[in-house]
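Colleague: missing the sequence, but the structure's below:
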């Protein structure tokens with residue numbers, strides 16, 4: 001297919017590359033010169049504008065930082081809803097608030113386009129390996145059209161429900177992830193203080209009721225699991241700043257819906273403090289380093 005991919009950052013660049021590897025004709029677009037150069041170095045073509053890229057595309061995929069950027073790209077004066085060819089399939093893989101996702105999808109429908117919200121889980125590792133999980137909101141018809149495209153970038157592709165359901169699934173999933181990572185970090189901090197060997201804790205917890213993704217796949221201390229961010233000075237991975245963004249989205253949704261999420265609220269406060277301590281660009285498992293330093297006479301680094 002002819003696909004325009006907008007947003008060639010840490011996630012978008014490898015995703016667009018995997019579409020090209022699958023045989024799709026991909027035109028890229030990004031405001032950052034470095035991102036454009038990286039895509040060109042892969043052999044990709046960069047569009048000069050939204051109109052140039054979208055005009056000949058059968059599908060457009062966006063991977064953007066926040067709801068305001070999604071709104072601008074789709075609804076702006078020179079946005080996709082004005083420049084995309086009739087019937088173009090629109091897929092937004094950004095992680096944004098539910099209200100914006102539904103607003104843009106409704107506008108797309110009025111303009112004659114099928115639109116899906118399809119945020120991802122799996123981080124940069126999953127983007128590079130084409131093993132992402134896509135949580136998709138939109139119609140059954142749109143999902144069927146999008147599935148072969150998403151399959152070039154991911155392993156698990158789930159239709160979560162109507163418009164906005166993909167974003168809802170993403171924020172619920174990442175609220176679980178943020179909370180569970182803090183629990184694992186606290187357990188290792190406690191183990192260190194009371195003299196329990198880290199490997200012993202891992203061996204026991206990973207085979208009992210303490211087992212979870214944060215322990216098994218992104219263990220926050222070096223040693224028990226090879227090649228995780230903790231073994232690379234917490235280079236992301238999934239940055240703490242992105243976890244904080246997703247937790248804030250979960251709390252916005254909880255407030256709007258009247259849902260009690262005290263652990264989600266507490267996790268948000270911890271990641272806010274962690275970011276204020278200068279750790280926002282580290283992997284979110286750096287929460288161990290932050291918590292470990294709280295009651296010591298030293299600052300996290």
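Modeller: Yes, it's here. All values reported here derive from a predicted model rather than from experimental measurement.
Colleague: beta partners for residue 157?
Modeller: residue 134 (DSSP bridges).
Colleague: that one and residue 136 touch, don't they?
Modeller: Yes. The pair residue 157 / residue 136 is scored as a contact, 6.8 Å apart, by CB atoms under 8 Å. C-betas here are computed from N, CA, C, even on glycine.
Colleague: hey, what's in contact with both of these two?
Modeller: residue 150 (CB atoms under 8 Å, 6 or more residues apart in numbering).
Colleague: quick one, domains of this structure?
Modeller: 2-161, 168-294 (automatic domain parsing).
Colleague: show me how far the helix or strand hosting residue 167 is from its chain's centre.
Modeller: Using DSSP states H and E, residue 167 sits in helix 165-194. Chain-centre distance of helix 165-194: 16 Å, with CA atoms, centre = their mean, to the nearest Å.
Colleague: which other helices and strands does the helix or strand where residue 288 lies contact?
Modeller: If you go by DSSP H and E, residue 288 is part of helix 287-294. The contact analysis (3 or more CB pairs under 8 Å, 6 or more residues apart in numbering; DSSP states H and E) places helix 287-294 against helix 165-194, helix 262-274.
Colleague: now do that helix, average pLDDT.
Modeller: Averaged across helix 287-294, pLDDT comes to 96.
Colleague: list the buried residues of that helix.
Modeller: Within helix 287-294, the residues that count as buried by 16 or more other CB atoms under 10 Å are 287-293.
Colleague: next: stretch 239-258.
Modeller: Buried positions in stretch 239-258, judged by neighbour count with 16+ other CB under 10 Å: 239-251, 253-254.
Colleague: kindly check the end-to-end length of stretch 159-167 for me.
Modeller: 11 Å (CA to CA, to the nearest Å).
Colleague: show me where the stretch 201-301 of the chain has helices.
Modeller: Secondary structure of the stretch 201-301 of the chain (DSSP state H, counting those that start in this stretch): helices at 213-216, 240-257, 262-274, 287-294.
Colleague: and of these, who's closest to residue 188?
Modeller: Residue 188 lies closest to helix 287-294 among the helices of the stretch 201-301 of the chain, at 5.9 Å (CB to CB).
Colleague: and the angle for that closest one with helix 240-257?
Modeller: 90 degrees (axes from the mean of the first three to the mean of the last three CA atoms, to 10 degrees).
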